[in-house]
Structure formats: structure tokens, C-alpha cells
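Peer 1: Just a sequence and a predicted model for now, questions to come.
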Amino acid sequence: MPGTRKMGGQIRVGLVGAGWFATRRHLPDLKAHSDVHLAAICRRDEAKLNHIADHFGVSGRYQAFERMLSSEDLDAVVIATPHSLHYAQAELALQKSLHVLLEKPMTLRASEADALVTLATRKGCVVSVALNPPHWRHTHHARSIIRDGTIGDLEAISQHWVGNSESVFGLSPLPEKMPGLVKPSLYRGDHSLSGGGHLMDTGSHLISELIWLTGMTAETVFAQMDDTKLDMRSVVQVSFEGGVPANIICIGNSTFDHRRIKNVYYGSKGTLTIEGMPFSVVLDLPGEQILTVSEAEMADLPGPVADFIQAIQGGHESASTGRHGARVVRIMEAAYRSAECGKRIEIGSL
């Protein structure tokens, strides 16, 4: 691992993509972390850049990512830019031997994700991907149940995410009050920047949950979408090793005013259900009392930033590694290719 340059014992971090989501999640987490010095942020809009930098007390302010990397003595970068920019920015950071935390999806193409994993290994750098399931309490609880064989061999999986995200795609007005210092930039509504629609955005987490909980390898993917550029409604069928089928329904334009999530894992001995939000895990074994555990009853876990910093410090491997992020991208890319051509896609062909 490259030598970590520190300021006062802290890891020097720069963030690119200082926007709506970063001001809600990554920047507060970086600023609050005792082992982090938030050295610089980058955003093209100068007025918003200064507004955000003033709020978080950041001295390094840049409108170009390349200039931030050449001007600042950094150890790591957080990349929270539009999806299509992830690969080139992460590659540049890794070439400079910087550790990288990428927002999801890791990249738009499996070949790009694989290239970043290879480069990170060669450079001795950490690459983490900010996918939710590896950092969520309820998924850790569910994973332990599935992996220890409590519900037996998995036979089928269904996932349902039904909500409304139209506003961040520019398909409906943004709410008057939103968390974060600035409004979303609406890049999700530009296919050249987002690479896809609601499945690309929210579906990344669902695919992450599938493979992170089960440890299974996907073999084929078949998908249907209402629009292969900016989908709001999609159905994805994933066939895993051993013929285990998984069905993902991802709806981003529901008229119901609450997000609904229900993911069911059917085993040879019983059934595990994840429901939310807030989340709960329901274990149903024949002849036994149905057990429901709420998220509030589960132990806290480090979020993407804290987990990333621990991995840099050598305490453990990141919960959401570049390899995991690349597996998610491989299924995602296959889904969009399938929807475009109307055929089942072999994962091994990507």
C-alpha cells in the first residue's frame, strides 16, 4: 500500500462532485471523522462551490478535478460525480496512488470496473464503492441467517422497490424542502451523464443486496424496461449458479407517497423477508414462531466513509470492495443490454 501522507495524523481527503448528495452524506461524514482532514472539494459552479466550502470549512476549492489532484497533497479522494465520469476520474486518482471511494454505480461498463480493480491492486490502493447493503445493519443480519444455512439452500429470490424518484430525474418539480445545502443538479435525467435511469440509480443497491447476501454468481440476465435510456419501470430476471432465479421489480414513478420495499429469500427450510423503510427482517421457519427483528434492534455499523478510512488504515478490507462494485456493474450492464436487444445476456460475455 502506498505511503500515506498525513497532516496532524489525519488522512488528507479531497472530494469531487460537491453537490446535493455529497452535502447530505459524504461531506458531513468526512468532516466529522477524527482521522480525516477534508483538504479540498471540487465543483464546476463557483458560487455553489464556495457556498459548500464555507459551510464545511474547506480551504481547497477547485473547479477542475485534475487541478485539485495536482495542487493538493492528498491521500484519498471521494468521487460523487455523474456516473459516466467515474471511470476516468478514478483511473486518474489511482494512477497517482490515491485511495478511492466511488459513489454507485462504480462505472457504466464491466470492463471499466475490472480495469480499476486491476489498477488498484497494482498500485496497492483501496477502492471502495458506496453501495448501501454492505453498510446496512439489517442486511448484515440477513446475510448471517442466509449464510449459516438457517433457511436452507436458496431456491428463489424476489425483490420489490416501489417509490417515486421522478424529481431528481427532472420529470417532476423538486420538493420545496430537501435535505442538503444545494438542490440536485438533475444529471440523472441526461443519459449521457447517468448511463441509465431508475434501475441504474436505485437498482444498483438491489443488485448489491442480491450478491452480497447470497455470495452467488450470476450467470444470465433478462430485462424489460419502459425506456432503455431513462427507465422508471423495470423488471430484471437474474439466473444464478445452480439455476436459482431472482426477480427484481424496480419502480421509480409510483403515485403512492411512500417508498415500499419487500425482498424475499426462499430457502429449502424457510423464508427470510426484508421489509422497509425503516427495515425489518422476518424469519419464517415451519413449526416455529415467526421472528421479526427491527433495524433499531441491530448493532450500528460504519458507513461508507468510516469503512473506507478503516480500510486505508489497514484495519480490514472494505465492506464494499471494488470487486463487489464490479460484480454489480456486470449485472447492471447485462440488464440494459438485454432490454435493448430483447434477449437474455450471458454474464460471461461481458
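Peer 2: Cool, got the structure. Numbers count the residues shown, from 1 in each chain.

Peer 1: Following element in sequence after the least confident helix or strand in the chain by mean pLDDT, please.
Peer 2: Considering only helices and strands, the least confidently modelled element of the chain by mean pLDDT, DSSP states H and E is strand 6-7, at a mean of 48. Where DSSP states H and E defines the elements, the next helix or strand beyond strand 6-7 is strand 10-16.

Peer 1: Pretty sure residue 232 sits against residue 171.
Peer 2: Yes - using CB atoms under 8 Å, residue 232 is in contact with residue 171, at 7.5 Å. C-betas here are computed from N, CA, C, even on glycine.

Peer 1: Between those two, which is the more surrounded one?
Peer 2: The residue with more neighbours, out of residue 232 and residue 171 and counting by other CB atoms under 10 Å, is residue 232; that gives 20 against 17.

Peer 1: List the contacts of that one.
Peer 2: Contacts for residue 232 (CB atoms under 8 Å, 6 or more residues apart in numbering) come out as 165, 166, 169, 171, 197, 198, 226, 251, 252, 253.

Peer 1: And stretch 173-185, what's buried?
Peer 2: 180, 181, 182, 184, 185 (16 or more other CB atoms under 10 Å).

Peer 1: Turn the residues you listed into JSON lines, columns for pLDDT and secondary structure.
Peer 2: Converted to JSON lines, these look like this (pLDDT from 0 to 100; DSSP: H, G, I helix; E, B strand; the rest coil):
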{"residue": "180", "pLDDT": "86", "secondary structure": "coil"}
{"residue": "181", "pLDDT": "92", "secondary structure": "coil"}
{"residue": "182", "pLDDT": "94", "secondary structure": "coil"}
{"residue": "184", "pLDDT": "94", "secondary structure": "coil"}
{"residue": "185", "pLDDT": "92", "secondary structure": "coil"}
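
Peer 1: Tell me the one among those nearest to residue 111.
Peer 2: Taking CB to CB as the measure, residue 185 is the one of the buried residues of stretch 173-185 closest to residue 111, at 27.1 Å.

Peer 1: Skipping its backbone neighbours, what lies nearest that closest one in space?
Peer 2: residue 19 (5.6 Å; CB to CB, 6 or more residues apart in numbering).

Peer 1: shouldn't the one you found be in contact with residue 186?
Peer 2: No - assessed by CB under 8 Å, residue 19 is found out of contact with residue 186, at 10.4 Å.

Peer 1: Between those two, tell me which one has more neighbours.
Peer 2: The residue with more neighbours, out of residue 19 and residue 186, is residue 19; 23 against 16, by other CB under 10 Å.
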